[in-house]
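Trainee: here you go, sequence then predicted model.
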Amino acid sequence: MGRFGKWIGGGLGWVMGGPIGGMLGFLVGSLVDGTSTETSSTYERRTGTTPGAFGVSLLVLIAAVMKADGKVVKSELDYVKEYLVRQFGKESAAEASIMLRDILKQNIPLQDICRQISGHMDYSSRLQLMHLLFGVSIADSNVNQQEQAVIEKIAGYTGISDSDYISIRNMFIPETDSAYKILEIERSASNEELKKAYRRMAMKYHPDKVSHLGDDFKKSADEKFRKVNEAYEKIKKERNIP
């Protein structure tokens, strides 16, 4: 398999155009490594969220978050690489790290990038992007306020609702009534409202919603689904609901 085969073999689709495509000039030469023989015009005609388009979008946004404080240190890169290994395995993480280093050298027009993602990527995939970005941000077990501010901007620019943003944030950075916030309800909600909220969130965050992204990214979606179940069980225990 070629240098970038695992991550872009599924087709880069719409990311080859627009501001993201403008950042990917360094990749074009590597595309002819036997993993993909489609032309640029073929990429530009594609719509929808392919594994390659999602992976490249993720790396660009990870780079934006890492550059939030104006510098990127080796320890941060190491934490991110470890996170990528945990999420996607050594082979994919190695390829992603090479791409990430190149992206970090470039200026990232965040709002334009996010508009492109919002215009082409389905909502479930955008939710998965947010989940992964939070995971990267706290990979070193620290909550960096500048990075959190960039992630919040990304959520707004990509059209993530406030309630969904708060839900995903609380999966990583617990607040008061965190379990309720994950399920997007108030503490005053009735038991019946709780059950309805759980069913709604379980459907929204079910891994099958991002099955089109392939095994690497679907596997990481299991964590969101598990957090919803954990929040529901915690509230049930508090309320003595069988």
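Mentor: On my side now, so go ahead.
Trainee: would you agree residue 55 is in contact with residue 96?
Mentor: Yes - counting by Cβ atoms under 8 Å, residue 55 does reach residue 96; the two are 7.1 Å apart. For the C-beta atoms, the positions are set from N, CA and C on the backbone; glycine is no exception.
Trainee: low-confidence stretches in this structure?
Mentor: Where the chain drops to pLDDT under 70, the residues are 1-10, 25-48.
Trainee: just the helices in it please.
Mentor: In the chain, the segments counted as helices under DSSP state H are 5-8, 18-23, 25-28, 40-45, 51-66, 74-88, 90-104, 110-120, 123-137, 145-157, 162-172, 178-182, 191-204, 215-239.
Trainee: can I get these in TSV with mean neighbour count?
Mentor: Shown next, in TSV, are those (neighbours: other Cβ atoms under 10 Å):
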stretch	mean neighbour count
helix 5-8	23
helix 18-23	19
helix 25-28	13
helix 40-45	14
helix 51-66	25
helix 74-88	17
helix 90-104	18
helix 110-120	19
helix 123-137	22
helix 145-157	18
helix 162-172	19
helix 178-182	22
helix 191-204	15
helix 215-239	17
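Trainee: which ones are touching the most centrally placed residue in the chain?
Mentor: Nearest to the geometric centre of the chain sits residue 129, at 1.7 Å (Cα atoms, centre = their mean). With Cβ atoms under 8 Å, 6 or more residues apart in numbering as the criterion, the residues that contact residue 129 are 54, 57, 58, 61, 117, 121, 154, 158.
Trainee: tell me the one of those nearest residue 174?
Mentor: Distance to residue 174, by Cβ to Cβ, is smallest for residue 154 among these, at 20.8 Å.
Trainee: how about the closest residue to residue 146 other than its chain neighbours, what does it touch?
Mentor: Leaving aside its sequence neighbours, residue 146 sits nearest to residue 68 (Cβ to Cβ, 6 or more residues apart in numbering; 4.2 Å). By Cβ under 8 Å, 6+ apart, residue 68 lies in contact with 144, 146, 147, 149, 150.
Trainee: any idea how far residue 68 lies from residue 56?
Mentor: Separation of residue 68 from residue 56 (Cβ to Cβ, to the nearest Å): 20 Å.
Trainee: cool, residue 136 as well?
Mentor: Counting by Cβ to Cβ, the gap from residue 136 to residue 56 is 15 Å.
Trainee: cool, and residue 120?
Mentor: Per Cβ to Cβ, residue 120 is found 12 Å from residue 56.
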